[in-house]
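S.K.: Just a sequence and a predicted model for now, questions to come.
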Amino acid sequence: MGRPFRQLIDEGILDRAAALFAQHGFAQTSLKSLADAVGLSKAGLLHHYPSKEALYDAAHAVSRERARQVRDQVTALTPGPGRDRRALELLVDVALERPGLVALAFSSVTTPESHAAALEEDDLLVFEMFAVDLADPEPERLIRVIGALGALAVLSLSVHQVGDRTTWRPRIVATCVDALGH
């Protein structure tokens with residue numbers, strides 16, 4: 001057992017907590033609802049994370065780390081359709097594995113209560129993956145990247161409700177690639 005098992009438990013806790021934060025916002029998500037969602041008592045949850053704030057921060061930290069991993073895997077590739085496809089494949093894999101993190105990453109758009117400062121670094125990492133220069137973005141490219149990411153979020157969250165990951169994965173990637181205009 002040991003560390004890998006604990007890490008899996010923590011990642012599961014963070015993913016389910018991230019989904020609640022995304023759905024209800026930070027202020028409206030109670031410690032009790034978080035504990036119930038992860039199948040622990042409040043004391044048990046506080047054993048893993050000392051506060052709701054620590055849990056929220058940890059969810060964002062995991063999201064940023066996953067984004068960094070994807071960025072690092074695609075940065076060496078030449079910008080263009082091949083790099084875009086690889087970034088989308090990796091992002092879809094993350095989204096299918098941890099839907100709560102995806103929901104939290106997009107919560108700045110979907111919930112009125114936004115923690116924009118916490119999401120700013122995540123947003124920059126994603127745009128780096130697609131070689132979008134936010135200082136001087138080309139409007140069509142920016143819109144297409146945002147559209148592809150929106151499709152990725154909606155479809156990857158939907159698959160957990162109505163689909164099969166194995167069947168949906170290539171279709172999600174294809175839809176996102178199409179949104180980029182490749």
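M.R.: Looks like it arrived, so ask away. Numbering: from 1, shown residues only.
S.K.: Give me the below-cutoff pLDDT ranges for the chain.
M.R.: 1-8, 108-123 (pLDDT under 70).
S.K.: The nearest residue to A67 once chain neighbours are set aside sits in which helix or strand?
M.R.: For A67, ignoring the flanking residues on the chain, the nearest one in space by CB to CB, 6 or more residues apart in numbering is L125 at 4.0 Å. Where you see a C-beta, it was placed from the backbone N, CA and C, and this is true even at glycine. Assessed by DSSP states H and E, L125 sits inside helix 116-129.
S.K.: separation between the residue nearest to A67 and S51?
M.R.: 26 Å (CB to CB, to the nearest Å).
S.K.: Of those two, which one has the most company?
M.R.: L125 (19 against 11; other CB atoms under 10 Å).
S.K.: In contact with the residue nearest the centre of the chain, which residues are there?
M.R.: Compute the mean C-alpha point of the chain, and by CA atoms, centre = their mean the closest residue is V102, 2.7 Å away. Shown in contact with V102 (CB atoms under 8 Å, 6 or more residues apart in numbering): V94, A95, L152, A153, S156, L157.
S.K.: how about the helices of the protein, start to end?
M.R.: 3-24, 31-38, 42-48, 52-74, 81-97, 99-105, 107-110, 116-129, 139-162, 165-179 (DSSP state H).
S.K.: Could you identify which of the ones you listed is most buried?
M.R.: The highest average neighbour count among the helices of the chain, using mean count of other CB atoms under 10 Å, belongs to helix 99-105 at a mean of 26.
S.K.: Kindly export that one (C-alpha atoms) in PDB.
M.R.: Backbone C-alpha positions of helix 99-105 (Å, rounded to 0.1, in the frame of the first residue of the first chain) are rendered in PDB as follows:
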ATOM      1  CA  PRO A  99     -13.900  15.200 -14.800                       C
ATOM      2  CA  GLY A 100     -14.100  17.200 -11.600                       C
ATOM      3  CA  LEU A 101     -10.800  19.000 -12.400                       C
ATOM      4  CA  VAL A 102     -12.100  19.900 -15.800                       C
ATOM      5  CA  ALA A 103     -15.300  21.300 -14.400                       C
ATOM      6  CA  LEU A 104     -13.400  23.300 -11.900                       C
ATOM      7  CA  ALA A 105     -11.000  24.600 -14.600                       C
END
